[in-house]
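Asker: I would like the atomic coordinates for the input below:
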Amino acid sequence: MSGGIFGIGTSALLAYQRALDVTGHNIANVGTDGYSRQELQLAARQPFVTGIGSLGTGVTETGVRRLADRFVTQSLDLSTSAEAYERTYSEFAQQIDNLLGDSNAGLTPALSSFFGAVQDVANDPTSTAARQQLIAQGQALVDRFGQLDGRIEDQRAVANGRIGGAVDEINQLATSIAELNQKIVEARGASGGQPPNDLLDQRDKLIQDLSQRISVSTLEQDDGSVNVYIGRGQSLVVGYQATALVTQSRSADPNAIQVGFRNGAAFVDVTSSLTGGELGALLDLNTTLFDPASNGLGRVAVGLTQQFNATHEAGMDLNGQLGGAFFGVPAPEVLADPANTATGLPTLALTDVGGLQASDYQLRFDGTNWSLRRLASDWSSDVCSSDLQVATIPPGGSLAFDGLSLDLSGVSGEAAGDEFLLRPVHVAQGLDVKITDPRAIAAARRYA
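Answerer: Okay, here's the model as predicted:
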């Protein structure tokens, strides 16, 4: 039987009282970060059927809808991740740019002063003061190389330190998302399948915060929980469970940090697949900013000092002797993976300054042969495949490449997975001036 005018009016009063409650809730949360506006959904009540037709019985509430679009939310997460990546990368890139491009503290002033002192000696070869000034400017130049490389390494250390902090934040957010998944599923069950809007807002906000740290993808489940994935589909949150990320130093390279999962006692490295967000930028900095900057500086240092030494050694000093090396230059660096089975180290030597590349190299044994891979982004050497960027060397063999010679005869007992890191131009902090006696500067041409 119809509720009549009073029943209809009562249903309307009750419905719009709830609508006012929803509106008040919206107003109260206008400043709540991540809150989505809600609206009460209404529908006509079941009509009363009579012989003359159906008579309306008023209005009823069917639910409270959250005004949030999943596509817009996911697009915002992607944009958030991209913005955090660019902001973090730009922060460090600007530091390196300011460091190397500084008109007062960069490399250019030290080079100008050194070559000015060389010109002074050329203008007056017998001047002891000019010779002493050349030694002083040479020392200032190698000090400047060392200072600049040290500052690059300082920035690397800061970035590596922030990797650990970003991973901790990712783990905390993942745990919170997993906990909210459980609350959301329980709330849906208790309300007969109605969505817990405020909890959904909280979870979306956590996912957006997570996107600032790393690029993520999500997949909503039938029970209302959300699975969160990073990298190439590695699960970070599945239902009520969160998987913790861990960090460790990369085997042969003390400056690189790996990020991955623990699978029992094994470490599963996912570093190369992690993109976007603050963590993605921090992981990219080593190979795309710090290594190129340090190796580029080292390449300039090697080229300058070796060429100057060659010229100096061809001249005569005030004692009538052939000139010696003016600068001391460290030998190319070879680092072994602590887990190597192999004993001994490869021998790496400089053969042609003009062929040097601003790059490190990875030398890895596959069980049959050694493979050499340049770690810089390009590979132009004829000895390597242009698409694989790899040169193959048999055990005990040798290879000439990129102005360098590599000899593996000193390495024995190698096993699959053994690895060495070759750093031919990592020399900027090891330069020194070998000449201390002004008379030993070879400023005279030697005649045959």
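Asker: can you give me the distance of S112 to L99?
Answerer: Noted for S112: a distance of 18 Å to L99, by Cβ to Cβ, to the nearest Å. (C-beta placed from N, C-alpha, C; glycine too.)
Asker: out of these two, which sits in the more crowded spot?
Answerer: With neighbours defined as other Cβ atoms under 10 Å, S112 and L99 compare such that L99 has more, 18 against 11.
Asker: what sits closest to that one if chain neighbours are left out?
Answerer: R151 (5.3 Å; Cβ to Cβ, 6 or more residues apart in numbering).
Asker: which secondary structure element is home to the one you found?
Answerer: In this assignment (DSSP states H and E), R151 forms part of helix 128-190.
Asker: next SSE after that helix?
Answerer: Toward the C-terminus from helix 128-190 - assigned by DSSP H and E - lies helix 197-213.
Asker: helices and strands around that next one, which ones?
Answerer: strand 59-66, helix 70-101, helix 128-190, strand 216-220, strand 226-230, helix 277-285 (3 or more Cβ pairs under 8 Å, 6 or more residues apart in numbering; DSSP states H and E).
Asker: so which bits of the fourth one are buried?
Answerer: Okay, so that is strand 216-220. Under the neighbour-count criterion of 16 or more other Cβ atoms under 10 Å, strand 216-220 has 216, 218 buried.
Asker: partners of it, with directions?
Answerer: strand 226-230 (antiparallel) (DSSP bridges).
Asker: given the helix or strand just after the strand it pairs with, what are its sheet partners and their directions?
Answerer: Sequence order places strand 234-238 as the next helix or strand after strand 226-230, per DSSP H and E. Here strand 234-238 is paired, per DSSP bridges, with strand 226-230 (antiparallel), strand 241-242 (antiparallel).
Asker: can you give me the end-to-end distance of stretch 323-336?
Answerer: End-to-end span of stretch 323-336 (Cα to Cα, to the nearest Å): 36 Å.
Asker: look up the closest residue to Q137, ignoring the ones flanking it.
Answerer: Q137 sits nearest to A117 (Cβ to Cβ, 6+ apart), 4.0 Å away.
Asker: that neighbour sits in which helix or strand?
Answerer: Using DSSP H and E, the element containing A117 is helix 107-123.
Asker: report the mean confidence score over that helix.
Answerer: For helix 107-123, mean pLDDT rounds to 94.
Asker: again with stretch 82-92
Answerer: Averaging pLDDT along stretch 82-92 gives 95.
Asker: so Q212 makes contact with E278?
Answerer: Yes. Applying Cβ atoms under 8 Å as the test, Q212 and E278 come out as touching, 6.3 Å apart.
Asker: overlap in contacts of the two?
Answerer: Taking Cβ atoms under 8 Å, 6 or more residues apart in numbering as the contact rule, Q212 and E278 both touch A84.
Asker: follow-up on the earlier one: comparing the helices and strands packed on helix 197-213 by mean pLDDT, which bottoms out?
Answerer: Among those, strand 59-66 scores lowest, with a mean of 86.
Asker: contacts for that one next, please.
Answerer: Here strand 59-66 has contacts from 8, 11-12, 15, 18, 22, 36-45, 194-195, 197, 200-201, using Cβ under 8 Å, 6+ apart.
Asker: what of stretch 137-156?
Answerer: With Cβ under 8 Å, 6+ apart as the criterion, stretch 137-156 contacts 92, 95-96, 99-100, 106-107, 110-111, 113-114, 116-117, 255, 285-286, 290, 293-294, 297-298, 301, 326-327, 428-433, 435.
Asker: now do the contacts for the residue lying closest to S215 once chain neighbours are set aside.
Answerer: For S215, ignoring the flanking residues on the chain, the nearest one in space by Cβ to Cβ, 6+ apart is G276 at 2.8 Å. By Cβ under 8 Å, 6+ apart, the residues touching G276 are 78, 81-82, 84-85, 211, 214-215.
Asker: 6 Å instead, please
Answerer: Shown in contact with G276 (Cβ atoms under 6 Å, 6 or more residues apart in numbering): 81, 85, 215.
Asker: what's the closest of those residues to G355?
Answerer: Distances from the contacts of G276 to G355 were compared by Cβ to Cβ; the smallest belongs to Y85, at 34.9 Å.
Asker: give the closest residue to G56 in space, chain neighbours not counted.
Answerer: Spatial nearest neighbour of G56, excluding adjacent residues (Cβ to Cβ, 6+ apart): P47 at 5.6 Å.
Asker: that neighbour and D223: what is the separation?
Answerer: Distance, P47 to D223, by Cβ to Cβ: 35 Å.
Asker: what do you get for A15?
Answerer: To D223, A15 is 30 Å away according to Cβ to Cβ.
Asker: between the two, who's got more neighbours?
Answerer: Applying other Cβ under 10 Å to A15 and D223 shows that A15 carries more neighbours, namely 18 against 12.
Asker: that's a helix at that one, yeah?
Answerer: Yes. A15 sits within a helix when classified using DSSP: H, G, I helix; E, B strand; the rest coil.
Asker: residues in contact with it?
Answerer: Neighbouring residues of A15 by Cβ under 6 Å, 6+ apart: 42, 59, 61.
Asker: state the pLDDT value of it.
Answerer: Looking at A15, its pLDDT reads 86.
Asker: leaving out the residues flanking it, which one is nearest to it?
Answerer: Nearest residue to A15 in three dimensions, chain neighbours excluded: V59, at 4.8 Å (Cβ to Cβ, 6+ apart).
Asker: what does H25 give?
Answerer: Nearest residue to H25 in three dimensions, chain neighbours excluded: Q38, at 6.6 Å (Cβ to Cβ, 6+ apart).
Asker: got it, and P254?
Answerer: Nearest residue to P254 in three dimensions, chain neighbours excluded: L335, at 7.4 Å (Cβ to Cβ, 6+ apart).
Asker: what's the one you found sitting at in phi/psi?
Answerer: Taking degrees, to the nearest 10, you get phi -110, psi 130 for the backbone angles of L335.
Asker: could you number the chain from 637 rather than 1 from now on?
Answerer: With the count now opening at 637, the last piece we talked about shows up as L971.
Asker: what about it, distance to L736?
Answerer: To L736, L971 is 25 Å away according to Cβ to Cβ.
Asker: V936 too?
Answerer: V936 is 10 Å from L736, where distance means Cβ to Cβ.
Asker: T693 looks like it's in a strand, true?
Answerer: No. Using three-state DSSP, the assignment for T693 is coil, not a strand.
Asker: with adjacent residues omitted, what lies nearest to it?
Answerer: Closest to T693 by Cβ to Cβ, 6+ apart is R681, at 4.4 Å.
Asker: number of residues surrounding that neighbour?
Answerer: Using other Cβ under 10 Å, R681 has 16 other residues around it.
Asker: got it, and L743?
Answerer: There are 21 residues near L743, going by other Cβ under 10 Å.
Asker: hmm, T977 is touching A1052, no?
Answerer: No. If you go by Cβ atoms under 6 Å, T977 and A1052 don't touch, sitting 8.9 Å apart.
Asker: who's more crowded, those two?
Answerer: Between T977 and A1052, counting by other Cβ under 10 Å, T977 is the more crowded of the two (13 against 10).
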